[in-house]
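Undergrad: Just the structure for this:
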Amino acid sequence: MLIRIENLTKIYQLGQVQVRALNNVNLTINKNEYVAIMGPSGSGKSTLMNILGCLDVPTEGRYILNDQDVSNLTDDELAHIRNKEIGFVFQTFNLLPRATALHNVELPLIYNGTPRVRRRELAMQALERVGLADRAMHRPSELSGGQRQRVAIARALINNPSLILADEPTGNLDSKTGEEIMQIFNELNEAGNTIVLVTHEEDIGRRCKRLIRLLDGEIINDEMN
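TA: Model prediction:
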């Protein structure tokens, strides 16, 4: 088992109002699963994604990732977990505009002190996995949207993370390019990567092997595709 969430609740205080974004959620995700989390705006899917990604902590309950309880870690400890265990893919790519594709992919390794030669080697291998080795020295402005997302996926893979979290990864792409990106995720899952993908697009959710639906901060459906 990779992820275990027990009785997880997240409450935000907005002025005098308390907003219960997640309400007593229980969830397990095993290694090598390919999961879509879906739900309308305000359902809690982004909050759940942030907690899964150690970008936020629950108000109540436990989150155990790879046998470690990360529910109450400090910001520094969470940052270490994010760098070691989690690869992120965002809708907006989040690439450095003046850096080459290779340098963008290298970034997580710079933060953890990997030597330069080894960084380059691993970054090129990651770009090869997403079919973009020939664009290694191009900057984001010289790449298409689909190519930028491939760079972002390569960056997510660079630390060989336990979990890849993808937040609306096809949201800024046309349908053909989105299909190509989903094919990459499918290949990564077949190679053993655990992927959790947040989307509001039904056809994208259906491409995953398991579909979890949220409504009003609660899981209302959990099914295999």
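Undergrad: Is the nearest residue to T59 once chain neighbours are set aside part of a helix or strand, or is it coil?
TA: Spatial nearest neighbour of T59, excluding adjacent residues (CB to CB, 6 or more residues apart in numbering): I11 at 4.5 Å. In this view, the C-beta of every residue, glycine as well, is placed from N, C-alpha and C. Under the three-state scheme (DSSP: H, G, I helix; E, B strand; the rest coil), I11 adopts strand.
Undergrad: Tell me who's in contact with I11.
TA: Contacts for I11 (CB atoms under 8 Å, 6 or more residues apart in numbering) come out as Q18, V19, R20, A21, T59.
Undergrad: now the fourth one, what's its secondary structure?
TA: Which is A21. Quick answer, by three-state DSSP: A21 is strand.
Undergrad: Quick check: it vs T47, distance?
TA: Distance, A21 to T47, using CB to CB, to the nearest Å: 4 Å.
Undergrad: tell me the centre residue of the protein?
TA: Central residue of the chain (CA atoms, centre = their mean): L165, 1.4 Å from the mean position.
Undergrad: measure that residue to N24 for me?
TA: L165 is 22 Å from N24, by CB to CB.
Undergrad: I'd say S46 and H200 touch.
TA: No: using CB atoms under 8 Å as the test, S46 is too far from H200 to be in contact (10.4 Å).
Undergrad: Neighbour count: these two, which is higher?
TA: S46 (18 against 14; other CB atoms under 10 Å).
Undergrad: Mind giving me the packing neighbours of the strand or helix carrying the more buried one?
TA: Assessed by DSSP states H and E, S46 sits inside helix 45-52. Under the contact definition 3 or more CB pairs under 8 Å, 6 or more residues apart in numbering; DSSP states H and E, helix 45-52 sits against strand 3-14, strand 17-29, strand 34-38, strand 60-65, strand 163-167, strand 194-198.
Undergrad: Paired strands for the fifth one, with orientation please.
TA: Put plainly, it is strand 163-167. In the sheet, strand 163-167 lines up against strand 86-90 (parallel), strand 194-198 (parallel) (DSSP bridges).
Undergrad: do the same with the first one
TA: Paired with strand 3-14 in the same sheet, following DSSP bridges, are strand 17-29 (antiparallel), strand 60-65 (antiparallel).
Undergrad: Done for today, thanks.
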